[in-house]
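S.K.: sequence and predicted structure below; questions after.
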Amino acid sequence: MELHDILKERILVLDGAMGTMVQRCGLGEEDFRGDRFAEHPVMLKGNNDILVLTRPDVIRGIHSKYLAAGADIIETSTFNANRISQAEYGCEHLCAEINRTAATMARQLADSFSTPEKPRFVVGSVGPTSRTCSISPDVEDSAQRNITFDELVGGLNRKLISILEYDKKTLRELFRLPFFKKHPDPSDRVIISQAIADNRILVTSDLKFDQYPKLKILMV
């Protein structure tokens, strides 16, 4: 059965956080480096996405725990597998490899747990990068930015796009990105997951999500 068909019949369970599960493993710098990146000039601890290359057993184990617990959907370990975030570790050239490896790993594990009665699904995790174009990095200069919207798009347009701040302009820009030009109706392909802390911080008070019927908004 297709995902949208099952959603008409029952609630599906999404897996939990990847980052905190990685932290619980108590990994050290050598785990993130592995043999392949033993001589890498930048510290890699904290670059959880690279673990699909250096400690795939750890990521497989986390996926397997969520699947064994009954998760219908697991997310790829690619939250920061974009050029902007990976550049902080000197690993921007690895983005494509990390994403392909993570997606293949998650799909293989989901298939191994799938049954006709309970198929398992995989979604690509796309984080907001480690930069923001709406807030200045300098408290003394509110106009300063360390990245532009075009640079954010350039860093993420090989993947689905995750938006940092929801406002009307940003949502309009979403549909101008290459993915949506290729797929004008993304309703069965894209979920925007947003953590709401305060309407004044993360959500503009006049924004109505029903103005954007093509988007499925998952509030967490």
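M.R.: Looks like it came in fine.
S.K.: outline the domain layout of this protein.
M.R.: Domain assignment of the chain by automatic domain parsing yields the ranges 13-130, 146-220.
S.K.: mean pLDDT lowest where, among the ones you listed?
M.R.: Of all the domains of the chain, the minimum mean pLDDT falls on domain 146-220 (a mean of 50).
S.K.: Three-state assignment for I74, please.
M.R.: Assigned state for I74: strand (three-state reduction, DSSP: H, G, I helix; E, B strand; the rest coil).
S.K.: can you pull out the helices in this protein?
M.R.: Listed in chain order, the helices of the chain (DSSP state H) span residues 3-7, 19-24, 29-33, 51-54, 56-68, 83-86, 95-113, 149-156, 168-174, 178-182.
S.K.: the ones you listed: which one's closest to G127?
M.R.: With respect to G127, and counting by Cβ to Cβ, the nearest of those is helix 83-86 at 7.1 Å. In short, each C-beta sits where N, CA and C put it, glycine included.
S.K.: which positions in that closest one come out as buried?
M.R.: Residues of helix 83-86 classed as buried: 83-86 (neighbour count, 16 or more other Cβ atoms under 10 Å).
S.K.: reformat these as a markdown table; add distance to R145.
M.R.: Conversion of these to a markdown table gives the following (distance: Cβ to Cβ, whole Å):
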| residue | distance to R145 |
| --- | --- |
| R83 | 18 |
| I84 | 13 |
| S85 | 17 |
| Q86 | 20 |
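S.K.: just those now: which is nearest I98?
M.R.: Proximity of those to I98, judged by Cβ to Cβ, is greatest for Q86, which lies at 7.7 Å.
S.K.: surely that closest one meets N80?
M.R.: Yes. With contact defined as Cβ atoms under 8 Å, Q86 reaches N80; the gap is 6.9 Å.
S.K.: hang on, the earlier thing: make TSV out of the helices of the chain and add distance to P137.
M.R.: TSV is the format used below for the helices of the chain (distance: least, Cβ to Cβ, whole Å):
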stretch	distance to P137
helix 3-7	39
helix 19-24	23
helix 29-33	26
helix 51-54	28
helix 56-68	31
helix 83-86	14
helix 95-113	23
helix 149-156	14
helix 168-174	19
helix 178-182	28
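S.K.: list the residues that contact both of Q86 and N80?
M.R.: Listed as contacting both Q86 and N80 by Cβ atoms under 8 Å, 6 or more residues apart in numbering are 47, 49.
S.K.: which one of the buried residues of helix 83-86 is nearest F121?
M.R.: Sorting the buried residues of helix 83-86 by how near they are to F121, with Cβ to Cβ, puts S85 at the top with 25.0 Å.
S.K.: and that closest one, how close does it get to I11?
M.R.: Relative to I11, S85 is positioned 32 Å away (Cβ to Cβ, to the nearest Å).
S.K.: coming back round to it: which of the buried residues of helix 83-86 lies closest to A102?
M.R.: Q86 (12.8 Å).
S.K.: so the closest residue to that closest one other than its chain neighbours versus V52, what's the distance?
M.R.: On the basis of Cβ to Cβ, 6 or more residues apart in numbering, the spatially nearest residue to Q86 that is not a chain neighbour turns out to be E92, at 4.5 Å. Distance, E92 to V52, by Cβ to Cβ: 16 Å.
S.K.: when those two are compared, which one has more neighbours?
M.R.: Just comparing E92 and V52: by other Cβ atoms under 10 Å the higher neighbour count belongs to V52, 25 against 14.
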